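Student: could you work out the structure for the sequence below:
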Amino acid sequence: MITPVLLCGGSGTRLWPLSRAGYPKQFLVLDDSNRSLLQQAVQRLVEIADDDLLVAAPLVVGNEEHRFLILDQLREIRRDPAAVLLEPAGRNTAPALTLAALAALDGGADPVLAV
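Tutor: Next comes the predicted model:
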């Protein structure tokens, strides 16, 4: 079984003024799907799972400031994450991945993570 890790951080400064610190790019709807980038990523995970490829609910790592946005967007598409892991401050990719790896190890198994 694969445990997906969705890194839901960053401010998306290149998409300013659409993307702002309080509402970064991962929460924006950028095409005619009516789904945000986060919602599209979660939906793709559902679509690739089959009998030969077991995909667990994702671990979502994001900024504490965006916890309600993350939960609301997942609720909109009726998907539950394995966990929403919150960073008090963005510190780039390595700490976020470490947080996800430690959370995955909490289950006691030897997880395979896909980032």
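
Student: tell me the secondary structure for the nearest residue to Arg20 once chain neighbours are set aside?
Tutor: Leaving aside its sequence neighbours, Arg20 sits nearest to Ser11 (C-beta to C-beta, 6 or more residues apart in numbering; 7.7 Å). Using the backbone N, CA and C atoms, a C-beta is placed for each residue, glycine as well. Following DSSP: H, G, I helix; E, B strand; the rest coil, Ser11 is assigned to coil.

Student: list phi and psi for Ser11.
Tutor: phi -110, psi -10 (degrees, to the nearest 10).

Student: okay, it: pLDDT?
Tutor: Reported pLDDT at Ser11 in the predicted model: 73.

Student: cool, and Tyr23?
Tutor: 88.

Student: got a list of what Gly22 touches?
Tutor: Contacts for Gly22 (C-beta atoms under 8 Å, 6 or more residues apart in numbering) come out as Glu65.

Student: cool, and Gly62?
Tutor: Each residue near Gly62 by C-beta under 8 Å, 6+ apart is listed here: 7-9, 70, 84-87.

Student: hang on, the earlier thing: distance of the residue nearest to Arg20 from His66?
Tutor: 10 Å (C-beta to C-beta, to the nearest Å).

Student: quick one: contacts of the longest strand anywhere in the chain?
Tutor: Ordering each strand of the chain by length in residues (DSSP state E) puts strand 2-8 first. Strand 2-8 has contacts (C-beta under 8 Å, 6+ apart) with 26, 38, 41-42, 45, 53-56, 58-63, 66, 70, 82, 93, 96-97, 100, 104, 111-115.

Student: sorry, back to before: and of the contacts of Gly62, the nearest to Leu30?
Tutor: Set against Leu30, the nearest of the contacts of Gly62 by C-beta to C-beta is Cys8 (15.3 Å).

Student: who does that closest one form a beta bridge with?
Tutor: Beta-bridge pairing of Cys8 under DSSP bridges involves Gly62.

Student: and it, how far is that from Leu59?
Tutor: Distance, Cys8 to Leu59, using C-beta to C-beta: 10 Å.

Student: have a look at these two and say which one is more surrounded.
Tutor: Cys8 (26 against 23; other C-beta atoms under 10 Å).
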